[in-house]
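*Asks:* turn this into a model:
(one chain, ligands or ions: 1)
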Amino acid sequence: MTPDERLRECAKADDHVTFIALCERESSTERGDPTLRDENGAHCLHHAAAANSTTIVDYLLRNGVRWTDVDDDGDCAGQYASGHGHGALASAMMEHAVASEVALGEASMRETRGECRQNEESERYLKTPVRYDGDDKLLDEDGDAVMMSWEEPLMEAHAEALCASAGDVMNVGFGMGIIDGHIAKRTTRSHTIVEAHPDVRAHMMRAGWDEREGVRVEPGRWQDVLPRLAKEGKKYDAIFFDTYGEEYDDMRRFHALLPKLLRKGGIYSYFNGMCPDNIFFHCVYNRVAEIELGRLGFVPPKGRGMFTVHDIDTTDAKIWEGVKRRYWWGDKYFLPTCVFDGDEA
Ligand SMILES: C[S@@+](CC[C@H](N)C(=O)[O-])C[C@H]1O[C@@H](n2cnc3c(N)ncnc32)[C@H](O)[C@@H]1O
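*Replies:* A predicted model of the protein is given here:
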């Protein structure tokens with residue numbers, strides 16, 4: 001048996017004494033590599049998690065093995081722990097993952113001093129054409145879906161939460177205007193829409209959104225528009241975020257702007273599409289968002305948690321016809337709502 005094979009067997013058998021000794025051998029030829037993949041793309045962290053070997057899992061995570069490593073089926077070690085019924089270990093791995101992502105987020109914010117970062121994917125998206133395909137899809141140049149009508153019940157639920165205040169509501173990202181349609185059906189003092197893509201803006205103009213009473217269209221990227229609105233002293237009672245081609249690291253910077261724009265008691269919600277194809281990653285990012293928003297002064301609505309669970313069914317293959325990549329697989333949607341309870345900046 002090679003040192004790598006021995007390591008793998010130790011991880012599977014929870015033999016942490018031999019495992020750690022093999023990892024720490026002086027000679028590199030005798031030392032095993034715990035991150036060497038097996039035929040399914042799993043490595044020792046996955047096998048140790050499946051075996052409920054808390055010592056080996058802890059050792060590997062402390063020594064820099066990444067919780068994000070996935071096997072060929074896209075499963076991370078945390079999922080091996082939960083899939084084998086080791087709830088306590090899965091929770092500990094979730095805590096590790098959340099702490100790591102929060103720390104990475106802090107480092108990322110330090111790097112740009114909290115300013116918005118460059119995102120090539122977003123820049124490319126905003127420079128290339130999009131097309132409305134019938135009434136049920138908005139596609140980018142590659143045929144990937146920017147927005148689809150199956151999300152309508154979710155958008156309606158978001159609109160309901162945002163309009164509870166009947167105040168000044170802002171939506172960032174028009175897409176198919178589904179949420180804006182639902183906001184417009186409800187009572188608000190004002191309704192502001194921020195949209196960056198020129199084709200989407202042209203579509204909004206054709207549909208008469210810029211002439212609607214009570215509606216204000218703010219053309220441009222939120223990265224440019226929001227700091228200007230904050231400088232002008234504009235305040236809102238509810239803000240919704242749903243853009244395209246951006247990542248959580250962009251949204252983190254969006255969140256940092258919210259205390260400058262929301263009134264105390266104001267509501268914030270976002271389309272919760274982070275890592276939708278992996279429930280462990282999705283839960284990690286729910287928790288990261290909750291922690292980071294908490295640090296900015298956001299609290300869950302009174303008497304409940306930040307997320308409400310909604311059933312969704314996207315199994316009908318027809319939904320995805322004409323779309324390059326199916327982007328949603330789960331049957332649950334965790335709808336986030338939080339309330340600004342901090343000091344207005
Ligand atoms: C997923 S769609 C929004 C769908 C919308 N919630 C609805 O109900 O139809 C995302 C939208 O965000 C816009 N967008 C992308 N990046 C943006 C940015 N940085 N600032 C403002 N809008 C952006 C896109 O052009 C697109 O129209």
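
*Asks:* average pLDDT across stretch 292-307?
*Replies:* Averaging pLDDT along stretch 292-307 gives 97.

*Asks:* with stretch 45-61 instead?
*Replies:* On average, stretch 45-61 scores 98.

*Asks:* next: stretch 83-92.
*Replies:* Here the average pLDDT along stretch 83-92 is 98.

*Asks:* what's the spacing between that stretch and its chain's center?
*Replies:* Relative to the centre of its chain, stretch 83-92 is centred 23 Å away, using C-alpha atoms, centre = their mean, to the nearest Å.

*Asks:* same check on stretch 24-33?
*Replies:* 39 Å.

*Asks:* contacts for that stretch, please.
*Replies:* 2-4, 6-7, 22-23 (C-beta atoms under 8 Å, 6 or more residues apart in numbering). C-beta coordinates here come from the backbone N, C-alpha and C atoms, glycine included.

*Asks:* considering those residues, which possesses the most neighbours?
*Replies:* Greatest neighbour count in the contacts of stretch 24-33, by other C-beta atoms under 10 Å, goes to L7: 28 neighbours.

*Asks:* so what does the helix or strand containing it touch, helix or strand wise?
*Replies:* Assessed by DSSP states H and E, L7 sits inside helix 3-13. Judged by 3 or more C-beta pairs under 8 Å, 6 or more residues apart in numbering; DSSP states H and E, helix 3-13 is in contact with helix 16-23, helix 44-50.

*Asks:* which strands or helices does the first one pack on?
*Replies:* In this case it means helix 16-23. Checking 3+ C-beta pairs under 8 Å, 6+ apart, helix 16-23 ends up next to helix 3-13, helix 54-62.

*Asks:* tell me which parts of this protein are close to the ligand?
*Replies:* 122, 146-147, 155, 172-179, 194-197, 200, 221-223, 242-246 (C-beta under 6 Å from any ligand atom).

*Asks:* adjacent strands (with direction) for the longest strand along the chain?
*Replies:* Ranked by number of residues, the top strand in the chain under DSSP state E is strand 262-270. Here strand 262-270 is paired, per DSSP bridges, with strand 236-241 (parallel), strand 338-340 (antiparallel).

*Asks:* with mean pLDDT and mean neighbour count as extra columns, can I get the ones you listed in a markdown table?
*Replies:* Below are the strands paired with strand 262-270 laid out as a markdown table (pLDDT from 0 to 100; neighbours: other C-beta atoms under 10 Å):
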| stretch | mean pLDDT | mean neighbour count |
| --- | --- | --- |
| strand 236-241 | 98 | 24 |
| strand 338-340 | 98 | 23 |
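
*Asks:* can you lay out these as JSON lines showing distance to D38?
*Replies:* Output for the strands paired with strand 262-270, formatted as JSON lines (distance: least, C-beta to C-beta, whole Å):
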{"stretch": "strand 236-241", "distance to D38": "40"}
{"stretch": "strand 338-340", "distance to D38": "42"}
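
*Asks:* closest to L89 out of these?
*Replies:* strand 338-340 (29.7 Å; C-beta to C-beta).

*Asks:* next, the buried residues of stretch 149-160.
*Replies:* For stretch 149-160, the neighbour count (16 or more other C-beta atoms under 10 Å) marks 150-151, 154-159 as buried.

*Asks:* quickly find the element holding E30.
*Replies:* Per DSSP H and E, there is no helix or strand for E30.

*Asks:* for it, phi and psi?
*Replies:* Dihedral pair for E30: phi -90, psi -20, per degrees, to the nearest 10.

*Asks:* neighbours of it, how many?
*Replies:* 11.

*Asks:* what pLDDT does it get?
*Replies:* So E30 comes in at 82 (pLDDT).

*Asks:* gap between it and P300?
*Replies:* 53 Å (C-beta to C-beta, to the nearest Å).

*Asks:* run a quick neighbour tally on G32.
*Replies:* Applying other C-beta under 10 Å, I find that G32 has 22 neighbouring residues.

*Asks:* can you verify it is assigned to a strand?
*Replies:* No. Going by DSSP: H, G, I helix; E, B strand; the rest coil, the assignment for G32 is coil, not a strand.

*Asks:* now the residue in the stretch 1-150 of the chain that the ligand sits nearest to, what's its secondary structure?
*Replies:* Using C-beta to the nearest ligand atom, the closest approach of the stretch 1-150 of the chain to the ligand is made by M147 at 4.1 Å. Using three-state DSSP, the secondary structure recorded for M147 is strand.

*Asks:* what's the separation between it and C76?
*Replies:* M147 is 29 Å from C76, by C-beta to C-beta.

*Asks:* now do R37
*Replies:* R37 is 13 Å from C76, by C-beta to C-beta.

*Asks:* contacting residues around the helix or strand that E290 is a member of?
*Replies:* Here E290, judged by DSSP H and E, is contained in helix 279-295. With contact meaning C-beta under 8 Å, 6+ apart, helix 279-295 is reached by 68, 76, 78-79, 82, 94, 97-98, 101-102, 105, 248, 251-252, 255, 268, 270, 272, 274-276, 306-307, 330, 334, 336, 338.

*Asks:* give the buried residues for stretch 239-257.
*Replies:* 239-246, 248, 250-257.
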